[in-house]
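Asker: Structure for this input, please:
(one chain, ligands or ions: 1)
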Amino acid sequence: MEHTRYRGRFAPSPTGPLHFGSLVTAVATWLEARAADGDWLVRIEDLDPLREPPEATNQILHSLDAHGLHSDEPIRFQSRRHPAYQEAIDHLLKNGKAYRCSCSRKQLQAHGGRHPAQCRTRASLPDEASHAIRFALSDDNSHWQDLLLGPQHQTVRAELDDPVLQRKEGFYAYQLAVAVDDFDQGISHVVRGSDLLDMTAQQQQIFQALGAPAPQWLHIPVILNDQGQKLSKQNHAPALDDTKPATNLVHALVALGQQPPAKLAQASVSDVLAWARAHWQRAAIPLTSRQARGITPSTQSHSDH
Ligand code: GLU
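Answerer: Predicted coordinates for the structure are as follows:
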C-alpha cells in the first residue's frame, strides 16, 4: 500500500503556546507540503488534559493564523478521537500485538525493563486490576531512509522498549494516537523535530500492526536555547510574539538554513511565505542542532537576492 498524494501535518501537543522551536517545525512541514503541491493539515494532539493548560490550544491556533499558516482541512483534535483509539487497541489486543501490563515503573526498573508479572504471555488480568496497555514490539534491526538525515538504523528490543499505548489512568498515549491518525488522515510524510527520531522504529512497527503504510520521515534539528537545551515549555521558552509574524518567519527560515534577504522581515506575512515557497531548499536544512545554532539571525549577513 503506497500513498499517492503528499499529505503532511503539523501536530503540536498543546502543553503551552507556540514557541520559536515549534514555529520552525510548523514552517518546515508547511514548506515541504507546498513544495510537493500537497496538503498541509493541523492536528492538535490534546491527549493529556493534566499537562495541557486549557487556553493553549487557542493560543496555538491564533499563532498559526497570525503567521499565515492555515490548515487545508478542518483541524483535527485528538481529544475527539477516543473511539478510534479504543478500536485500534481492541484490534491490537486481539491480534496479540498489545498486552495488559500492571507493572509499576519501579518494578520494571528493578527487573532491568523485563516484566516480573510476565505481562506479554499472561492469559488475562482481572478487569478491575489497574493496568496500562503496551505494544508488543518485535526484536528488529530497523533501517529506513530519513529524507534529510539519510539512512537510519535502530535496534528495537522486544519487551524492554515496549511503548505504552494507553496509560493506567485511561489516557491514550502519543505513540498510539499519532499512528492511528497519521493512517486515518492519509499522511504520507512526517516532518518533525529530531527529538522524536528515537521513536521512529517503534512507530514503524505500530503502523505495520495496524495494517497501515508507514509515512516517509524527515527529522529537522531541534532548536536550542543559549544553554544548549531544547526550546520547550519545561525550559521556559518564551511564547512567540504574534505581533511580529514576518520577523518570526524570517528567523525560522534562517534556522532552517534558508537565506532570506534581511529586508524580508519588513514585508507582509504572505510575501514572506511566498518568498519561502519560491526559494525552499530542503538540502540547506542544517543536519544538527549545533549547525543550526551557528546560523542565528544575529550572525547572518546575506545580501538580498
Ligand atoms: N505532538 C508531538 C509533539 O508536539 C509531535 C508528534 C509528531 O510530529 O509525530 O511533540
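
Asker: Which positions in this structure make contact with the ligand?
Answerer: A11, P12, S13, E45, V178, V190, R192, L196 (C-beta under 6 Å from any ligand atom). Using the backbone N, CA and C atoms, a C-beta is placed for each residue, glycine as well.

Asker: make it 5 Å
Answerer: Counting by C-beta under 5 Å from any ligand atom, the chain comes close to the ligand at A11, P12, S13, E45, V178, R192.

Asker: Can I get these in CSV including neighbour count and pLDDT?
Answerer: Output for the residues of the chain next to the ligand, formatted as CSV (neighbours: other C-beta atoms under 10 Å; pLDDT from 0 to 100):
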residue, neighbour count, pLDDT
A11, 24, 98
P12, 22, 97
S13, 18, 96
E45, 19, 98
V178, 24, 98
R192, 21, 97
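
Asker: Among those, which lie within strands?
Answerer: Using DSSP state E, the subset of the residues of the chain next to the ligand located in strands is R192.

Asker: What is the nearest of the residues of the chain next to the ligand to L69?
Answerer: Lowest distance from L69 to those (C-beta to C-beta) belongs to P12, with 11.4 Å.

Asker: give me the number of residues near T4?
Answerer: The burial count assigned to T4 is 7, neighbours taken as other C-beta atoms under 10 Å.

Asker: what's the spacing between it and the ligand?
Answerer: 22 Å (C-beta to the nearest ligand atom, to the nearest Å).

Asker: For the longest helix anywhere in the chain, name the packing helices and strands.
Answerer: Ranked by number of residues, the top helix in the chain under DSSP state H is helix 20-35. Contact here means 3 or more C-beta pairs under 8 Å, 6 or more residues apart in numbering; DSSP states H and E; on that basis helix 20-35 packs against strand 7-10, strand 39-44, helix 56-66, strand 189-193, strand 216-220, helix 245-255, helix 269-279.

Asker: Give me the angle between that helix and helix 245-255.
Answerer: 80 degrees (axes from the mean of the first three to the mean of the last three C-alpha atoms, to 10 degrees).

Asker: Check the offset of helix 20-35 from the chain's centre.
Answerer: Computed by C-alpha atoms, centre = their mean, to the nearest Å, the chain-centroid distance of helix 20-35 equals 12 Å.

Asker: Stretch 153-167 too?
Answerer: Distance, centroid of stretch 153-167 to centroid of chain: 17 Å (C-alpha atoms, centre = their mean).

Asker: who touches the most centrally placed residue in the chain in this structure?
Answerer: What sits nearest the mean C-alpha location of the chain, by C-alpha atoms, centre = their mean, is R192, with 5.0 Å. The contact partners of R192, by C-beta atoms under 8 Å, 6 or more residues apart in numbering, come to A11, T25, T29, L218, H219, I220.

Asker: rerun that using 10 Å as the cut-off
Answerer: Residues in contact with R192 (C-beta atoms under 10 Å, 6 or more residues apart in numbering) are 9-11, 25, 28-29, 178, 199-200, 217-220, 222.
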